[in-house]
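**Student:** For reference, the sequence and a predicted model appear below.
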Amino acid sequence: MLCFVTGATGFVGANLVHELNARGHAVRALLRPGADTRGLVGAEYEPVTAALTDRGGLARAMRDCDWCFHVAASYHLWLPDYAPLYAANVEGTRAVLAAAGDAGCRRIVYTSTVGVLRPPPPGVAKPQPVDETASATLDEMTNPYKRSKWLAENLAHEQAERGSPVVIVNPTAPVGPRDVKPTPTGQVVVDFLNRRLPAVLDTGLNWVHVRDVAAGHVLAAERGRVGERYILGSTVGNWTLQEALSVLAELSGQPAPRWKIPYGVALAAAYMDEFKSRFTRRPPRAPLAGVRMARYKMFFTPAKAVQELGLPQTPPREALADAVEWFRSQGYVTPVRA
């Protein structure tokens, strides 16, 4: 298959390009001018350029493509102006999905997020994981990023209802190699390895190997039901942050932080940090959106994707080990002085 990939230089996108190569597919990658292509080193792809909101230009770039993977997104929990975020995530999705239909793509996979779902209730030590049926309303989206992704996924559902061959995937918290930026999850690993996490919040994520997420995209194109959403996560990856850091401690030989920051203290600090950012125009170290999201343990079940798609299940410990190895090999970790 000839596959069109947006967001190919991002964490999931780059791993998807490598996964498509490994499965014998050709890739046409949409790249921004001057994009950081370190995650694509060793991959084979045809670079093309077009504005994410240019339906005509995108359709021309997708000519002859069999599959379209729309992975690109603006992921920011704080911005001085959120208009570009909505333009990329909502209007960009509208244009890409329409262009893929214009180009005659036989399968369109839209990358959403579990952030658009209703998480388990807060205040529970080990909450029951939720599945794809945990639909949330727009009013429940607590920050511009989540609202933009909710609106974008809604567009994907509408396109499917009109007969477009759209399948939706909702990754949880991927970790592993090629996290160039890095992502917020990857930054936790980097901060831990650099001894910048003296204390943690009582939160949790579904930790999944990015390789499984990439494979899940391909499997969604091959086997996914049109109009359905599939959580791409780990059946055994619902770990609190403290549990994940304990595994990182075993892998790295460094001690895990023992102190937990009370939620109220973290929230007050975030308010102060964001107030300062209004004047400095620099991103806060701990955005309010991130602290509010950390109130919930984002525990999910990928049972549907495992059963219907055959989603692989790499142990999350291996995902963290691969992330540690990659960050160290790429110079993200400062060596400890003797």
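**Tutor:** Noted; the coordinates are in hand. Numbering: from 1, shown residues only.
**Student:** quick one: which helix or strand includes the closest residue to Ala244 other than its chain neighbours?
**Tutor:** Closest residue to Ala244 apart from its sequence neighbours, by CB to CB, 6 or more residues apart in numbering: Trp207 at 6.0 Å. (Each C-beta comes from the backbone N, C-alpha and C, glycine too.) With elements taken from DSSP states H and E, the one containing Trp207 is strand 204-209.
**Student:** Tell me how far that strand lies from the chain's centre.
**Tutor:** Averaged C-alpha coordinates place strand 204-209 at 11 Å from its chain's average position (CA atoms, centre = their mean, to the nearest Å).
**Student:** Following element in sequence after it, please.
**Tutor:** helix 210-223.
**Student:** got any ranges where the chain has weak pLDDT?
**Tutor:** Regions of the chain meeting the criterion pLDDT under 70 cover residues 336-338.
**Student:** list the contacts for the nearest residue to Ala173 once chain neighbours are set aside?
**Tutor:** Beyond its immediate neighbours in the sequence, the residue positioned closest to Ala173 (CB to CB, 6+ apart) is Leu205, lying 4.0 Å away. Under the criterion of CB atoms under 8 Å, 6 or more residues apart in numbering, the neighbours of Leu205 are 172-173, 185, 237-239, 241, 244, 297-299.
**Student:** Also Leu20?
**Tutor:** Taking CB under 8 Å, 6+ apart as the definition, contacts of Leu20 comprise 3, 5, 26-27, 218.
**Student:** go again using 7 Å as the cut-off
**Tutor:** Under the criterion of CB atoms under 7 Å, 6 or more residues apart in numbering, the neighbours of Leu20 are 3, 27, 218.
**Student:** So what's the residue count around Glu308?
**Tutor:** 15 (other CB atoms under 10 Å).
**Student:** Also Ser164?
**Tutor:** As a burial measure, Ser164 scores 17 neighbours (other CB under 10 Å).
**Student:** residues in contact with stretch 40-50?
**Tutor:** Contact partners of stretch 40-50, identified using CB under 7 Å, 6+ apart, comprise 8-9, 14, 17-18, 21, 27-31, 33, 57-58, 61.
**Student:** ok, of those, which one's closest to Glu161?
**Tutor:** Minimum distance to Glu161 across the contacts of stretch 40-50 is 21.4 Å, recorded for Leu58 (CB to CB).
**Student:** Could you check how far whichever strand or helix holds the closest one is from the centre of its chain?
**Tutor:** Counting by DSSP H and E, the secondary-structure element that holds Leu58 is helix 55-61. The chain centroid and the centroid of helix 55-61 are separated by 25 Å under CA atoms, centre = their mean.
**Student:** Leaving out chain neighbours, which residue sits closest to Ala99?
**Tutor:** Distances taken as CB to CB, 6+ apart place Leu58 nearest to Ala99, at 3.6 Å, with adjacent residues excluded.
**Student:** same thing with Ala286?
**Tutor:** Counting by CB to CB, 6+ apart, the nearest residue to Ala286 once its immediate chain neighbours are dropped is Ala270, at 5.0 Å.
**Student:** re earlier: generate a ChimeraX selection restricted to the buried subset of the contacts of stretch 40-50.
**Tutor:** Of these, the buried ones can be selected in ChimeraX as follows, counting by 16 or more other CB atoms under 10 Å:
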select :8,9,14,17,18,21,27,28,29,30,31,57,58,61
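**Student:** what comes up buried for stretch 77-85?
**Tutor:** Buried residues in stretch 77-85, defined by neighbour count with 16+ other CB under 10 Å: 77-79, 82, 85.
**Student:** Quick one: the helices in the stretch 201-338 of the chain, in order.
**Tutor:** In the stretch 201-338 of the chain, helices defined by DSSP state H, counting those that start in this stretch lie at 210-223, 241-252, 263-280, 288-294, 303-309, 316-329, listed in chain order.
**Student:** returning to that earlier point: so the residue nearest to Ala286 makes contact with Arg292?
**Tutor:** No - checked against CB atoms under 7 Å, the pair Ala270 and Arg292 is beyond contact range at 8.2 Å.
**Student:** Enumerate the beta-bridge partners assigned to the residue nearest to Ala173.
**Tutor:** Here Leu205 sits in beta bridges with Trp239, as judged by DSSP bridges.
**Student:** Look up which helix or strand Met188 falls in, please.
**Tutor:** Just to correct that, residue 188 is Val rather than Met. In this assignment (DSSP H and E), Val188 forms part of helix 184-193.
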